[in-house]
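Undergrad: test case, fold it:
(chains A and B)
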Amino acid sequence: DAGVTQSPTHLIKTRGQQVTLRCSPISGHKSVSWYQQVLGQGPQFIFQYYEKEERGRGNFPDRFSARQFPNYSSELNVNALLLGDSALYLCASRLGQETQYFGPGTRLLVL
Amino acid sequence: AQSVTQLGSHVSVSEGALVLLRCNYSSSVPPYLFWYVQYPNQGLQLLLKYTSAATLVKGINGFEAEFKKSETSFHLTKPSAHMRDAAEYFCAVSDPVQGAQKLVFGQGTRLTINP
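TA: Residues are numbered from 1 along each chain as shown, chains lettered A, B, ... in the order given. Alright, predicted model coming up:
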């Protein structure tokens, strides 16, 4: 079975631009979460979606938004990019209440 | 609020030696606890998890961890290190009461294996 997939793998943007990152969960998983991992730190929770509804939000500004589609795939949008948004963005999917399975991530560089 | 502290940002051991990576957590409710491994330029791979069953948890690649409530610890061990174990290791906690919506991660420990 395919794991969590994310696209693109790498992305370079300039300050002020907008970016959309995509995630496809493991087949049958209805919950998707997004995390930001800045270099040298642990991942930080951004959003969780379940059955297309937002179920949790981390301490991130309103420039960050997300949505989940009927096929349970998800997009993370970041507007008005700042240099500090440069990070590895990880998507995780979950079937039950316990374990989140992570994708390979999208590495975003903001210049 | 939940939090995780990983003691030691870098740990270096010789091949064949014991690996011990330390993790202490803070949680107002009985937590779920996880260890993930991250190889260079990759995502996170689950090593093992504690979800209120047996306190000694065995994972993949020969790793295990013991949940000690009295010490609020969940240290990761492996009896004999291999070169392939060199990676970044993250301890994480979640709140099962809130449906484990989010994972709270520690800062990570970079494990280096010396030949």
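
Undergrad: use CA for all of it now, contacts and neighbours both
TA: Will do.

Undergrad: for the closest residue to chain A within chain B, which non-adjacent residue is closest in space?
TA: Among the residues of chain B, B:G43 lies nearest to chain A; the distance is 4.0 Å by CA to the nearest CA. Closest residue to B:G43 apart from its sequence neighbours, by CA to CA, 6 or more residues apart in numbering or on different chains: A:P104 at 4.0 Å.

Undergrad: okay, and the beta partners of the spatially most central residue of chain B?
TA: Nearest to the geometric centre of chain B sits B:W35, at 3.3 Å (CA atoms, centre = their mean). In this entry, B:W35 is beta-bridged to B:L48, B:C91, by DSSP bridges.

Undergrad: measure it to B:D95 for me?
TA: 15 Å (CA to CA, to the nearest Å).

Undergrad: so what's the residue of chain A found nearest chain B up against?
TA: Distances between chain A and chain B by CA to the nearest CA are smallest at A:P104, namely 4.0 Å. Residues counted as contacts of A:P104 (CA atoms under 8 Å, 6 or more residues apart in numbering or on different chains) are A:V4, A:T5, A:Q6, A:T9, A:L90, B:Q42, B:G43, B:L44.

Undergrad: just B:L7 next, same as before
TA: Shown in contact with B:L7 (CA under 8 Å, 6+ apart): B:L21, B:R22, B:C23, B:N24, B:T109.

Undergrad: need those in TSV (columns: neighbour count and distance to A:A80).
TA: TSV is the format used below for the contacts of B:L7 (neighbours: other CA atoms under 10 Å in any protein chain shown; distance: CA to CA, whole Å):
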residue	neighbour count	distance to A:A80
B:L21	24	39
B:R22	18	39
B:C23	24	37
B:N24	20	37
B:T109	24	33
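
Undergrad: still on that earlier bit, pretty sure the residue of chain A closest to chain B sits in a helix.
TA: No: in this structure, A:P104 is coil, not part of a helix, as judged by DSSP: H, G, I helix; E, B strand; the rest coil.

Undergrad: roughly how far apart are the closest residue to A:S24 other than its chain neighbours and A:K52?
TA: Among residues not flanking A:S24 along the chain, A:S73 sits closest, at 4.5 Å (CA to CA, 6+ apart). The gap separating A:S73 from A:K52 is 9 Å, by CA to CA.

Undergrad: higher neighbour count, these two?
TA: Just comparing A:S73 and A:K52: by other CA atoms under 10 Å in any protein chain shown the higher neighbour count belongs to A:S73, 24 against 18.
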